[in-house]
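>>> Next comes the sequence, and after it the predicted model I'd like to discuss.
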Amino acid sequence: MDRLYRFQRHIYDPTRKYYLLGRDRLIEGLAPPPGGAVLEIGCGTARNLLWAARLYPEAVCYGIDVSREMLVTASRRVERSGLARRVELAWADATTFDPGATFGRSDFSRIFFSYSLSMIPD
Ligand SMILES: C[S@@+](CC[C@H](N)C(=O)[O-])C[C@H]1O[C@@H](n2cnc3c(N)ncnc32)[C@H](O)[C@@H]1O
């Protein structure tokens, strides 16, 4: 995955906005309860998580990704956004992900996949 995203991550958001459609609608539909926790599996550049954190100021957002390259971009974006207190990222493979070990919690109000499910093996 790192091979795929090493260079792609630099142009990912400006190019994908034309064909990864429906992401904002997905996030607008999450509507987590106040104080709820939102988890994205395969969070990429954290574009969706930042949108969710802005839209739901009482929620805490978590994201995992198997590409460390993507996570470099994601971490920078989170830092620059000023939302680092409410957006936590971690490296994890969805097929072996242990939320308790990774984030210290095992329950989430909402869990979503955005254009990542088809990339993840059974
Ligand atoms: C097409 S991108 C979508 C990124 C983001 N969700 C979005 O909507 O912009 C797919 C992401 O899923 C991640 N991914 C693929 N397989 C994964 C796995 N097994 N575990 C965690 N993340 C994975 C990739 O590294 C990549 O960042």
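Sure thing, it's come through.

>>> going forward, measure contacts and count neighbours with C-alpha atoms only.
OK.

>>> So which residues on the chain come close to the ligand?
Contacts of the chain with the ligand, taken as C-alpha under 6 Å from any ligand atom, map to 1, 41-44, 64-67, 70, 92-95, 114-116, 119-120.

>>> Sitting in helices, which of those residues do you find?
The members of the residues of the chain next to the ligand that map onto helices under DSSP state H are Met70.

>>> List only buried entries from the residues of the chain next to the ligand.
Buried members of the residues of the chain next to the ligand, scored by 16 or more other C-alpha atoms under 10 Å, are Ile41, Gly42, Cys43, Gly44, Ile64, Asp65, Val66, Ser67, Met70, Ala92, Ala94, Ser114.

>>> Can you tell me which residue is spatially central in this structure?
Cys43 (2.7 Å; C-alpha atoms, centre = their mean).

>>> pretty sure that one is touching Ile64, no?
Yes - look at Cys43 against Ile64 with C-alpha atoms under 8 Å: they come within range, at 5.9 Å.

>>> what does the helix or strand hosting Pro14 rub up against?
Per DSSP states H and E: Pro14 is located in helix 2-16. Residues from elsewhere that reach helix 2-16, judged by C-alpha atoms under 8 Å, 6 or more residues apart in numbering: Thr45, Arg47, Ser67, Arg68, Glu69, Met70, Thr73.

>>> One more: stretch 107-122?
Here stretch 107-122 has contacts from 20, 23, 30, 32-33, 36-43, 94-95, using C-alpha under 8 Å, 6+ apart.

>>> hmm, back to that, top of the contacts of helix 2-16 by number of neighbours, please.
Met70 (26 neighbours; other C-alpha atoms under 10 Å).

>>> residue contacts, it?
Met70 touches Asp2, Tyr5, Arg6, Arg9, Gly44, Thr45, counting by C-alpha under 8 Å, 6+ apart.

>>> Among those, which pair sits farthest apart?
Farthest pair in the contacts of Met70 (C-alpha to C-alpha) is Asp2 and Thr45. Separation: 12.9 Å.

>>> thinking again about what came up before, possible to save the buried ones among the residues of the chain next to the ligand as JSON lines with pLDDT and distance to Thr102?
Listed next are these as JSON lines, based on pLDDT from 0 to 100; distance: C-alpha to C-alpha, whole Å:
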{"residue": "Ile41", "pLDDT": "98", "distance to Thr102": "13"}
{"residue": "Gly42", "pLDDT": "98", "distance to Thr102": "14"}
{"residue": "Cys43", "pLDDT": "98", "distance to Thr102": "15"}
{"residue": "Gly44", "pLDDT": "96", "distance to Thr102": "17"}
{"residue": "Ile64", "pLDDT": "98", "distance to Thr102": "9"}
{"residue": "Asp65", "pLDDT": "98", "distance to Thr102": "12"}
{"residue": "Val66", "pLDDT": "97", "distance to Thr102": "13"}
{"residue": "Ser67", "pLDDT": "95", "distance to Thr102": "16"}
{"residue": "Met70", "pLDDT": "94", "distance to Thr102": "18"}
{"residue": "Ala92", "pLDDT": "98", "distance to Thr102": "8"}
{"residue": "Ala94", "pLDDT": "98", "distance to Thr102": "12"}
{"residue": "Ser114", "pLDDT": "97", "distance to Thr102": "20"}
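
>>> Alright, that wraps it up for me.
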